[in-house]
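In: Mind folding the following:
(2 chains)
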Amino acid sequence: MKSVTMTVNGTSRTAEIEPRTLLVHLLRERLNLTGTHVGCDTSNCGACTVWLDGAAVKSCTVLAVQADGCEVTTIEGISSNGDLHPMQQAFHENHALQCGYCTPGMVMAAVKLLERNPSPTDEEIRHGLEGNLCRCTGYENIVAAVRAASGVMV
Amino acid sequence: MAVATGPRGIGVAALRKEDSRFLTGRGRYVDDIKLPGMLHMAVVRSQYAHADIKGIDTSAARAMPGVTAVLTGDDLEFAAGVPCGSNPTGDMVQPPRPPLAKGRVRHVGEPIAVVIAADRYAARDAADAVVVDYAPLPAVLGVDAALADDAPRIHAELDSNVGLVLTTKTDGIDAAFAKADVVVKQTIRNQRLIHVPMETRGIVADWNQASDDMTVYSSTQIPHFLRTFLAIVCGVSEAKVRAIAPDVGGGFGAKLNTYAEEFIAAAASRKVGAPVKWIEDRSEAMLATCHGRAQDAHVELAATSDGKVLGMRVHYVQDYGSYLQLLTPLISQLTMLMAPGAYAIPEIDVKVTNVYTNTVPTDALRGAGRPEAAHAIERMMDILANELGISRTEVRKRNFPAEWPFTSAVGLAYDSGDYEKTLDKLLELSDDQETFERRREEAAARGKLLGRGLSTWVEICGFAPSDVTHAIGLTPGGWESSTVRIHPTGKVTVITGTSPHGQGHATSWSQIIETELGVPFDDVEVIHGDTAFAPYGLGTYGSRSLAVGGTAVQLAAGKVRDKARQVAAQMLEASVDDLEFDGGAFSVKGSPDKQATIQEVAFRAWQAFDMPEGVTPGLDETVFFDPPNCTFPFGAHGCEVEVDRDTGKVEITGYIAVDDCGNVVNPMIVSGQVHGGVAHGIGQALYEGVVYSAEGQLQTATLVDYIIPSAVEVPHIETHRTVTPSPTNPLGVKGIGEAGTIAASPAVVSAVCHAIGVRDLDMPLQPETVWNAMQKGGAA
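Out: Now for the predicted structure:
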């Protein structure tokens, strides 16, 4: 067993884990942060996207021990005082989610996309989200939501 | 944009009330459920496509840390096998299928044993330590091999690998072909697909030994069916079983099923005396959840020289896979029923041969038999048009039904339609020929081949009158249920038998209530997916929920309103006939200030003093609605593509959808369904396809190998509508969940064939396929 300590959504958390434990399983099963989902096990779908020291990563392919000492932000950590993050709000207003399963990862990836490129074209949005799969929306309204959020977040 | 807070009745693009929990990570999917003492299950699956099991050595697995039990087919008793609820002829032999294999396995991925352990890592480790001794048998892959005279037989109960043959034929078919000016012939293939909802399947089964009852959480589209079949297969009283579909992360037909793992987890929970969780990993989802499509159509159209189709002969060959799932036989039966598509083809001869192979069973996949039918007839209309030198739009118009109501040659009475209207709207929205030709030349200068194509689709949905489901051999009926309850405080609970997984029922059902009862959208709560609360419902699939379940909501609300009217009459000391209901309040005609709101009436009905003669307390009504007919939504989709001359890579450069799903409750949700459906159809047309090795190993068993479209592959999708109300339900709605998928694959293939100048192409149109076709003599 190995002890890991990381700051998750602003709070320091410590856990004793098997060294092979994936970050997503630490978050979901030990810390009860079930907003981060597993969709594919192979880093294709992006449902497990979280921020690790400020970068979007796929937590199904990060070992929890690799996050030792790091800062982790999950979907549960991006809204404040009950207000949705502008990206969450834009997803709601543009009907950018249906079943909701890809949504947390999609939102986490989209926020980072706008940090890198605050005023993307639709094509840049599509390429920026190609690591996150959605089977419900056809991406039309996800692109619209990110476009709308780009006007709010800059 | 401000959140809409005004009226949100029928027809308004109300933002979804479901969204908040999903956006903030507080959705509750099966894998988010933890019960005290819960153990985890991992499944040992067949490594062979066809083999006898000589022995299973579980000793090493049992000795591993954290392992509670290792269970094989000898350890768990079942009262029945994995069920099939479709028997089209009534006398179809349905081969037995034990939840855990007994003696023989028939596809890679078939469950052989399970490990129950303290956590999922320990369970997986131990599952890998179970040693199965196989004696491999020759595997049967592909329908041609399965139909060969000397093919190994997959099921001893059958004389061959043919599971079922269905036919339907009109008397004049031979005469139609005899008098035809032209006959066009083609084999149109719908390749085998995998559904890939982003959430895989998952189960938490909790057998409570103290109360001797069972609660099963499952990622399912059909919780009530699940309860019924859990009772039958596990041999327990249905009254002791509660099935719950929590938040479900997409289905697309994959979860319109009851699976071996659901029965195994329930039986295992009973055996070990603890809750058992099983979460499918993605590769398991591809090896053990049903597949879809896998159907070839050998089609001949007989036509006059001016493009009027006189007759259609078609032989569909459906790959069932190794076993029957819940609705496997229904799927190709639906293809048969929709063979002539949107066209008044007077004579028809359809045969369906359904074949077993050593592969994952096939069943419903978004559209379920209708995309297969639409793809075949739409491709044939293009081929006929090109053969005759008539435009692809004109040949369609010449064959649309001239009169309504319309009954197809197969005998289906289509509810309503105006196919020319959707096609004309598509043409209005598309470039005229001159503009297109100019752009085509510009593209050619860049090394790109521009093409455009279309489909004019129709489907059957709104399943279904129970007399119809019975007539086509389905075990269950086709009705739906709803309870509408106004609480003493005026808030409303709607309980629906349908079970959404992304469709937004809570929002749409609330809109129906606001319109019917005048209760504000925000005052309505919708409960679904829990058999302990909901009246029996048949579930969400086949684009049926609004047409059947939404109608049940509307009718239950109407019953509540009728009762409230009687109570209001008493309160207002007026006759029932003198009351008007508007804006959520009853008022006396001519005395508008004399009124009682529906909330006031609900409170009074709860107090229940001085009630009118014969009126019972409370406002709480349940309605079961059995529709008088199915619905037939339709539309015209146009697609434009650029094909790279050097590589064969296809890029979709424009997509326009014109759909008619009757009246619309929430236009935002309807467009969203079309977007998702079109993306799914594009996936089939260009990217997706299951590959098996000759030995029956699934070679597309991860999302690395099985490509579903990302935002880069899916273009901007323009959505438009016409409105032709359905006469089969009082809402006038038809259904839209599968429309895009049905329409898109033929429209995309039509465009690519147009771009490179070939007759037809087998999907998926990956660059290699397109490039090879160009080398063989496309117009490039």
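In: From here on, just use CA atoms for contacts and neighbour counts.
Out: Will do.
In: what stretches of chain A score poorly on pLDDT?
Out: Scanning chain A for pLDDT under 70 picks out the ranges A:154.
In: Provide a complete list of residue ranges assigned to helices in it.
Out: Counting by DSSP state H, chain A has helices at residues A:23-25, A:86-93, A:103-116, A:122-128, A:140-153.
In: quick one: what helix or strand has the closest residue to chain A within the stretch 501-650 of chain B in it?
Out: In the stretch 501-650 of chain B, the residue found nearest to chain A is B:Gly502; the distance is 3.5 Å by C-alpha to the nearest C-alpha. Using DSSP states H and E, B:Gly502 falls within no helix or strand.
In: ok, and the closest non-adjacent residue to B:His637?
Out: Spatial nearest neighbour of B:His637, excluding adjacent residues (C-alpha to C-alpha, 6 or more residues apart in numbering or on different chains): B:Ala657 at 4.5 Å.
In: Could I get the contacting residues of that neighbour?
Out: B:Ala657 sits next to B:426, B:635-638, B:674, B:717-721, B:740 when contact means C-alpha atoms under 8 Å, 6 or more residues apart in numbering or on different chains.
In: how about 10 Å then?
Out: B:Ala657 sits next to B:422, B:425-426, B:429, B:454-455, B:635-639, B:671, B:674-675, B:678, B:717-721, B:739-740, B:743-744 when contact means C-alpha atoms under 10 Å, 6 or more residues apart in numbering or on different chains.
In: Show me which of those are buried.
Out: Those of those that meet the buried threshold are B:422, B:425-426, B:454-455, B:635-639, B:671, B:674-675, B:678, B:717-721, B:739-740, B:743-744, by 16 or more other C-alpha atoms under 10 Å in any protein chain shown.
In: In this structure A:Leu33 contacts A:Leu23, no?
Out: No. Using C-alpha atoms under 10 Å, A:Leu33 makes no contact with A:Leu23, being 11.3 Å away.
In: Run through the stretch 1-150 of chain B and note the low-pLDDT ranges.
Out: Residue ranges of the stretch 1-150 of chain B with pLDDT under 70: B:1-4.
In: Try it again at 90.
Out: Filtered on pLDDT under 90, the stretch 1-150 of chain B yields the residue ranges B:1-6.
In: Just want the residue of it that's nearest chain A.
Out: Counting by C-alpha to the nearest C-alpha, the stretch 1-150 of chain B gets nearest chain A through B:Gly25, at 3.6 Å.
In: So that residue: helix, strand or coil?
Out: With DSSP: H, G, I helix; E, B strand; the rest coil as the basis, B:Gly25 sits in coil.
In: ok, it - contacts?
Out: B:Gly25 is in contact with A:33-37, A:74-77, A:100-101, A:103-105, counting by C-alpha under 10 Å, 6+ apart.
In: May I see those residues arranged in a markdown table, with neighbour count and distance to B:Gln186 as well?
Out: Below are the contacts of B:Gly25 laid out as a markdown table (neighbours: other C-alpha atoms under 10 Å in any protein chain shown; distance: C-alpha to C-alpha, whole Å):
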| residue | neighbour count | distance to B:Gln186 |
| --- | --- | --- |
| A:Leu33 | 21 | 54 |
| A:Thr34 | 24 | 51 |
| A:Gly35 | 27 | 49 |
| A:Thr36 | 31 | 48 |
| A:His37 | 29 | 45 |
| A:Thr74 | 24 | 53 |
| A:Ile75 | 28 | 51 |
| A:Glu76 | 18 | 54 |
| A:Gly77 | 15 | 56 |
| A:Gly100 | 29 | 41 |
| A:Tyr101 | 34 | 41 |
| A:Thr103 | 32 | 42 |
| A:Pro104 | 29 | 46 |
| A:Gly105 | 32 | 44 |
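In: Between those, which sits nearest chain B?
Out: A:Gly35 (3.6 Å).
In: Next one: the nearest residue to that closest one once chain neighbours are set aside relative to A:Leu27, how far apart?
Out: In space, and not counting its chain neighbours, A:Gly35 is closest to B:Gly25: 3.6 Å by C-alpha to C-alpha, 6+ apart. Distance, B:Gly25 to A:Leu27, using C-alpha to C-alpha, to the nearest Å: 12 Å.
In: Check whether B:Glu77 really touches B:Gly235, as I assumed.
Out: Yes. When contacts are counted by C-alpha under 10 Å, B:Glu77 is listed as touching B:Gly235 (9.0 Å).
In: Comparing those two, which residue is more hemmed in?
Out: Using other C-alpha atoms under 10 Å in any protein chain shown, the more surrounded residue of B:Glu77 and B:Gly235 is B:Glu77, with 18 against 14.
In: what sits against that one?
Out: Here B:Glu77 is in contact with B:98-100, B:233-235, B:264, B:267-268, B:271 (C-alpha under 10 Å, 6+ apart).
In: What of B:Leu324?
Out: Residues near B:Leu324 by C-alpha under 10 Å, 6+ apart: B:82-86, B:94-97, B:163, B:290, B:356, B:360-363.
In: Same check on B:Ile460?
Out: For B:Ile460, the contacting residues are B:334, B:337-338, B:341, B:367, B:369-370, B:412, B:414-415, B:542-544, B:630-634, B:734-735, by C-alpha under 10 Å, 6+ apart.
In: On the pLDDT front, check it for me.
Out: We have a pLDDT of 96 for B:Ile460.
In: rewinding a little: can you list phi and psi of the residue nearest to B:His637 for me?
Out: Here is the backbone geometry of B:Ala657 (degrees, to the nearest 10): phi -110, psi 120.
In: What separation is there between it and B:Gly542?
Out: Distance, B:Ala657 to B:Gly542, using C-alpha to C-alpha: 20 Å.
In: next one: A:Gly54
Out: According to C-alpha to C-alpha, A:Gly54 stands 43 Å off from B:Gly542.
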